[in-house]
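*Asks:* Any chance you could fold what I've pasted below:
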Amino acid sequence: MQSEPLPASAWPAQALLQLMWLASPALPVGGFSYSEGLESAVEAGLADTETKAQHWLLDQLALALGRADLAVVAQAFGAWQRSDLGRVTELNDWVRTTRETSELRQQAEQMGRSLCDWLRQRQPDDPRVAALRALAPAPTWPVAFALAAVHTGAPVRDALLAHAFGWAENMVQAAIKSVPLGQSAGQRMLAALSEAIPAVVDAAIALPDGERQACTPMLAILSARHEAQYSRLFRS
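*Replies:* Numbering: from 1, shown residues only. You can find the predicted model right below:
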């Protein structure tokens with residue numbers, strides 16, 4: 001006699017949907033309003049074609065996001081699970097103090113505050129949300145994202161995949177507007193970034209604490225130039 005199939009668990013699907021929500025450009029944190037130096041790179045002729053913009057973003061994924069923000073998300077994820085507020089504060093301070101320009105720091109803090117406000121509406125009784133809000137002078141985006149991801153119940157690797165894809169989608173949209181590019185070119189760039197993301201995520205999870213770094217001199221120079229760029233669409 002053939003047994004009846006077991007009912008599918010609703011929780012994994014809910015966790016996936018929550019991660020998709022966190023990765024969505026519709027999340028009200030303002031990620032779509034930043035180019036993270038890309039607009040300035042286009043102005044300088046370093047990312048003014050599809051090929052150059054794709055190479056720029058692949059390098060930024062591996063050298064900036066992977067070695068800094070993704071590593072912070074991975075470490076803050078565990079700290080939030082343990083309610084280790086000392087470690088959370090340490091990571092938040094590291095993000096703030098390693099942002100190489102005022103634009104990049106303001107982005108990290110603004111997006112962190114916005115996600116904290118979003119979490120307060122969804123998880124008002126979690127004391128960790130109050131602790132996030134109390135981080136001075138502001139919660140930063142990677143640390144806030146880690147707590148939001150913990151609330152989904154998803155594994156840390158899936159949380160980092162969602163974080164990286166959300167970044168990639170926002171940056172591709174910035175490239176489409178800045179270069180400018182068509183939607184097909186944007187999809188090709190997103191495909192290239194999506195192919196590279198899993199390996200970058202795995203490296204970020206495995207990165208020892210002492211090897212986390214934020215050192216991208218050209219990005220810092222372009223971000224500083226962007227602050228006084230004559231014409232711009234984005235806030236960074």
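*Asks:* And the worst-scoring helix or strand of the chain on mean pLDDT, what does it pack against?
*Replies:* Lowest by mean pLDDT, DSSP states H and E among the helices and strands of the chain is helix 10-23, with a mean of 84. Helix 10-23 makes packing contacts with helix 141-152, helix 156-178 when contacts are defined by 3 or more Cβ pairs under 8 Å, 6 or more residues apart in numbering; DSSP states H and E. For the C-beta atoms, the positions are set from N, CA and C on the backbone; glycine is no exception.
*Asks:* Can you show me the CA trace of the last one as PDB?
*Replies:* Same thing as helix 156-178. Taking C-alpha atoms only, helix 156-178 is exported to PDB below (Å, rounded to 0.1, in the frame of the first residue of the first chain):
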ATOM      1  CA  VAL A 156      23.000  32.300   7.600                       C
ATOM      2  CA  ARG A 157      24.200  31.300   4.100                       C
ATOM      3  CA  ASP A 158      20.700  32.000   2.700                       C
ATOM      4  CA  ALA A 159      20.600  35.300   4.600                       C
ATOM      5  CA  LEU A 160      23.900  36.300   2.900                       C
ATOM      6  CA  LEU A 161      22.700  35.200  -0.500                       C
ATOM      7  CA  ALA A 162      19.700  37.400  -0.100                       C
ATOM      8  CA  HIS A 163      21.800  40.400   1.100                       C
ATOM      9  CA  ALA A 164      24.200  40.100  -1.800                       C
ATOM     10  CA  PHE A 165      21.400  39.700  -4.400                       C
ATOM     11  CA  GLY A 166      19.600  42.700  -3.000                       C
ATOM     12  CA  TRP A 167      22.800  44.700  -3.400                       C
ATOM     13  CA  ALA A 168      23.300  43.400  -6.900                       C
ATOM     14  CA  GLU A 169      19.800  44.300  -8.000                       C
ATOM     15  CA  ASN A 170      20.100  47.800  -6.700                       C
ATOM     16  CA  MET A 171      23.500  48.300  -8.300                       C
ATOM     17  CA  VAL A 172      22.400  47.000 -11.700                       C
ATOM     18  CA  GLN A 173      19.500  49.400 -11.600                       C
ATOM     19  CA  ALA A 174      22.000  52.200 -10.800                       C
ATOM     20  CA  ALA A 175      24.000  51.100 -13.800                       C
ATOM     21  CA  ILE A 176      21.000  51.100 -16.100                       C
ATOM     22  CA  LYS A 177      20.200  54.700 -15.100                       C
ATOM     23  CA  SER A 178      23.800  56.000 -15.000                       C
END
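*Asks:* Just name whatever secondary elements the next helix or strand after that helix is in contact with.
*Replies:* Scanning forward in sequence from helix 156-178 by DSSP states H and E, the next helix or strand is helix 183-206. Secondary-structure packing of helix 183-206 (3+ Cβ pairs under 8 Å, 6+ apart): helix 50-60, helix 70-82, helix 156-178.
*Asks:* how about those helices in JSON lines, adding mean pLDDT and mean neighbour count?
*Replies:* Below are the helices and strands packed on helix 183-206 laid out as JSON lines (pLDDT from 0 to 100; neighbours: other Cβ atoms under 10 Å):
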{"stretch": "helix 50-60", "mean pLDDT": "98", "mean neighbour count": "19"}
{"stretch": "helix 70-82", "mean pLDDT": "98", "mean neighbour count": "22"}
{"stretch": "helix 156-178", "mean pLDDT": "96", "mean neighbour count": "22"}
